[in-house]
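quick one, structure for this:
(one chain, ligands or ions: 1)
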Amino acid sequence: MSTLELLPAVDVRDGQAVRLVHGESGSETSYGEPLAAALAWQQAGAEWLHLVDLDAAFGTGDNRELIGEVARSMDIKVELSGGIRDDDTLAAALATGCTRVNLGTAALETPEWVAKVIAEYGDRIAVGLDVRGTTLRGRGWTRDGGDLYETLARLDSEGCARYVVTDIAKDGTLQGPNLELLRGVCAATDRPVVASGGVSSLDDLRALATLVPLGVEGAIVGKALYAKAFTLEEALEAVTR
Ligand SMILES: O=C(O)c1ccccc1NCC(=O)[C@H](O)[C@H](O)COP(=O)(O)O
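Predicted structure coming up:
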């Protein structure tokens with residue numbers, strides 16, 4: 001079995017590292033300084049950081065300077081998400097030196113622009129498929145944005161390199177990932193999939209690692225690390241083969 005990549009998450013709201021429940025604004029638990037959290041994951045052996053500007057995602061401002069500072073301080077790969085919807089926000093995100101960006105709302109609302117940047121930037125662009133059931137959600141997960149599998153087929157045909165798949169019903173709940181959803185997405189595309197939302201235990205990570213041969217390349221882990229359900233060192237050990 002190949003190794004599952006782990007992406008510890010730092011979600012930033014109003015300058016603080018937070019975790020939400022179901023991605024809902026107002027459900028924040030705060031975990032202090034984003035840079036301290038990111039450096040702790042790096043120190044613990046992470047090869048990736050999943051860094052989210054929640055204010056930009058929700059349209060309640062942005063943490064652009066802070067996000068840039070965190071991204072630039074990392075020696076590891078950074079996946080940047082939240083509010084990247086046009087040329088300006090994409091240029092600012094890429095200028096942080098991040099390895100790739102994650103587009104969400106734009107893939108639903110401005111598909112022509114997304115097709116253009118996929119063609120231009122290749123695998124520096126991933127698309128976040130954030131779903132309730134099989135309905136996509138945009139604008140910080142607050143608005144419906146079409147059918148998962150129709151959108152996936154369109155993005156595949158445009159050459160999208162990778163998908164970050166989140167079951168919103170699981171996100172921030174410590175209820176375990178939606179393995180059925182991930183199997184469904186992997187069956188519908190030959191592109192790598194990063195799983196997000198709900199990881200609660202080392203067994204969840206081992207279960208996700210069994211999906212590597214199907215196309216699950218990595219897993220984002222947020223709440224479980226902040227809640228100290230396990231350490232990142234234990235998580236890396238659990239998925240390394
Ligand atoms: O990624 C986004 O753009 C986003 C937008 C609105 C709400 C939440 C968003 N992301 C959340 C994450 O990426 C979480 O860090 C990730 O799903 C981890 O979930 P969990 O392990 O369940 O804490």
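
ramachandran coordinates for residue 116?
In this entry, residue 116 is assigned phi and psi values of phi -60, psi -50 (degrees, to the nearest 10).

run the chain-centre distance for the worst-scoring helix or strand of the chain on mean pLDDT.
One helix or strand of the chain scores below all others by mean pLDDT, DSSP states H and E: strand 143-147, with a mean of 89. Its chain's C-alpha centre and that of strand 143-147 lie 18 Å apart, by CA atoms, centre = their mean, to the nearest Å.

quick check: end-to-end length of stretch 84-101?
The first residue of stretch 84-101 is 8 Å away from its last residue (CA to CA, to the nearest Å).

got a list of contacts for that stretch?
With contact meaning CB atoms under 8 Å, 6 or more residues apart in numbering, stretch 84-101 is reached by 48, 51, 56, 64, 67-68, 71-72, 77-81, 83, 102-103, 105-106, 109-110, 113, 117, 121, 123-126, 162. In short, each C-beta sits where N, CA and C put it, glycine included.

following the strand or helix carrying residue 165, which helix or strand shows up next?
Per DSSP states H and E, residue 165 falls inside strand 163-167. Counting by DSSP H and E, the next helix or strand C-terminal to strand 163-167 is helix 179-188.

the following helix or strand past that following helix and the ligand, any residue contact?
Sequence order places strand 193-196 as the next helix or strand after helix 179-188, per DSSP H and E. Yes - on the criterion CB under 6 Å from any ligand atom, strand 193-196 is in touch with the ligand at residue 196.

residues of stretch 168-181 that come out buried?
For stretch 168-181, the buried set under the neighbour-count rule, 16 or more other CB atoms under 10 Å, comprises 168, 169, 170, 171, 172, 174, 176, 177, 178, 179, 181.

closest to residue 5 out of the residues you listed?
Sorting the buried residues of stretch 168-181 by how near they are to residue 5, with CB to CB, puts residue 177 at the top with 14.4 Å.

how about the closest one, what does it touch?
Residues in contact with residue 177, defined by CB under 8 Å, 6+ apart, are 167, 170, 195, 197, 198, 199, 204, 207, 208, 219.

dump these to a markdown table, plus pLDDT and distance to residue 240.
Shown next, in a markdown table, are these (pLDDT from 0 to 100; distance: CB to CB, whole Å):
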| residue | pLDDT | distance to residue 240 |
| --- | --- | --- |
| 167 | 96 | 25 |
| 170 | 96 | 24 |
| 195 | 98 | 17 |
| 197 | 96 | 22 |
| 198 | 97 | 21 |
| 199 | 98 | 16 |
| 204 | 98 | 16 |
| 207 | 98 | 15 |
| 208 | 98 | 13 |
| 219 | 98 | 13 |
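
ok, of these, which come out buried?
Listed as buried from the contacts of residue 177 are 167, 170, 195, 197, 198, 199, 204, 207, 208, 219; burial here means 16+ other CB under 10 Å.
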